[in-house]
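Asks: task: produce atomic coordinates for the following.
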Amino acid sequence: MKKLLILMLPLLFCCCKSEVKAKPITITSEDVQNIVSYLASDSLKGRDTGTEGIDKSASYIENQFNHLGVKPYFETYRDNFMVDSLDAFNVVGYLEGTDEKLKDKFIILGAHYDHIGYSKKVEGDSIANGANDNAAGTSAVMVMAKYFANKKNNKRSIIFALFSAEEKGLLGSKHLAKRLKEENLNLYTMVNFEMVGVPFKDRDYKAFLTGYDMSNMAKQINDYAGSNLIGKSDVAVKYQLFKRSDNYPFYLEFNVPCQTISSCDMSNFDYYHHVDDEVDKLDFNFMANLINRTIPAIEKMSNTPTQEIKLINE
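Replies: Have a look, this model is predicted:
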């Protein structure tokens, strides 16, 4: 019997190893809720540029990246710039691609992690916590970093960029886009995440893409995801949301598809820049579902042998 067990051990080990490999990496509602709850807590006082709260937020993101094995893109995670007399900083990590040729072409996954600090007082509360805007988008990028750091299967390199001073006029993304352009970064595409914390109730898609008609990104994401995940919002077109988030500076600098995924076009959320943009207003089950359905599309995007996402006029 002992001899038989010894002979069977390699087979048992192989079976167990195969099962571990096959286990999917799934983002949970708790994963995103933990991140949003920290960033949108009263202790960070609305994460305005130049405050202690935004500094603590940056440190939190840096620690998470370091724990995951996501490397700093520059010498440190912080991409420093000035907003008038205030110190400001994007947080930028990356995972190098696994393919010798494709790793020189980059995908940027981005979101802004700042907010406005304070807003009109309601029932004694003046802290604009910015849970949906944009701790939600920040959490999406951070858990995607977790996913790809675990899988280590991205052939193209991925930059995870969390922007500051978006609320001051897209200043963080303008700074980083210009810096990367000056360094001749070979950018494949940029996907930004903005206000993904609440679902639509009357649409046949989960989220919309700004600049929908400018590229084939929405079609490709839906093809990669195998579902009607991304749609077009007429409200987003009306308010020119393509130009109002951190995708836009990258589009201007690189002239490649750079667009924002969002599930909020102001028609389904009443607390934009309001003190009641709090954690309890978000649907974390929806967020986890949206992220888990988006990840395979980003994964496919990072691994296609040829460039499949293009501007329509190309």
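Asks: got a list of what residue 33 touches?
Replies: 279, 282, 284 (CB atoms under 8 Å, 6 or more residues apart in numbering). Heads up, the C-betas are built off the backbone N, CA and C, glycines and all.
Asks: among those residues, name the buried ones.
Replies: Among these, the ones that count as buried by 16 or more other CB atoms under 10 Å are 279, 282, 284.
Asks: ok, the first one touching residue 37?
Replies: Yes - counting by CB atoms under 8 Å, residue 37 is a contact partner of residue 279 at 5.3 Å.
Asks: what segments of the stretch 51-200 of the chain are strands?
Replies: 71-72, 78-83, 86-95, 106-112, 117-122, 125-128, 157-163, 187-193 (DSSP state E, counting those that start in this stretch).
Asks: circling back: between the buried ones among the contacts of residue 33, which sits nearest residue 56?
Replies: Nearest to residue 56 among the buried ones among the contacts of residue 33 is residue 279, at 16.8 Å by CB to CB.
Asks: look up how far residue 266 lies from residue 283.
Replies: According to CB to CB, to the nearest Å, residue 283 stands 17 Å off from residue 266.
Asks: nope, residue 127 is what I meant
Replies: 22 Å.
Asks: low-confidence ranges, the stretch 201-314 of the chain, go.
Replies: 314 (pLDDT under 70).
Asks: ok, back up a step: with distance to residue 151, mean neighbour count and mean pLDDT added, can I get the strands of the stretch 51-200 of the chain in JSON lines?
Replies: Listed next are these as JSON lines, based on distance: least, CB to CB, whole Å; neighbours: other CB atoms under 10 Å; pLDDT from 0 to 100:
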{"stretch": "strand 71-72", "distance to residue 151": "16", "mean neighbour count": "15", "mean pLDDT": "98"}
{"stretch": "strand 78-83", "distance to residue 151": "25", "mean neighbour count": "17", "mean pLDDT": "98"}
{"stretch": "strand 86-95", "distance to residue 151": "10", "mean neighbour count": "23", "mean pLDDT": "98"}
{"stretch": "strand 106-112", "distance to residue 151": "14", "mean neighbour count": "27", "mean pLDDT": "99"}
{"stretch": "strand 117-122", "distance to residue 151": "37", "mean neighbour count": "14", "mean pLDDT": "97"}
{"stretch": "strand 125-128", "distance to residue 151": "36", "mean neighbour count": "19", "mean pLDDT": "98"}
{"stretch": "strand 157-163", "distance to residue 151": "11", "mean neighbour count": "26", "mean pLDDT": "99"}
{"stretch": "strand 187-193", "distance to residue 151": "17", "mean neighbour count": "26", "mean pLDDT": "98"}
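Asks: turn those into a markdown table, columns for distance to residue 47.
Replies: Shown next, in a markdown table, are the strands of the stretch 51-200 of the chain (distance: least, CB to CB, whole Å):
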| stretch | distance to residue 47 |
| --- | --- |
| strand 71-72 | 21 |
| strand 78-83 | 14 |
| strand 86-95 | 12 |
| strand 106-112 | 9 |
| strand 117-122 | 7 |
| strand 125-128 | 9 |
| strand 157-163 | 11 |
| strand 187-193 | 16 |
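Asks: so which of those comes closest to residue 204?
Replies: Closest approach to residue 204 among the strands of the stretch 51-200 of the chain (CB to CB): strand 187-193, 20.9 Å.
Asks: got a list of what residue 213 touches?
Replies: When contacts are counted by CB under 8 Å, 6+ apart, residue 213 touches 232, 312.
Asks: let's see it at 7 Å
Replies: By CB atoms under 7 Å, 6 or more residues apart in numbering, the contact list for residue 213 reads residue 312.
Asks: can you tell me the SS state at it?
Replies: Here residue 213 is recorded as helix under DSSP: H, G, I helix; E, B strand; the rest coil.
Asks: ok, it to residue 193 distance?
Replies: 20 Å.
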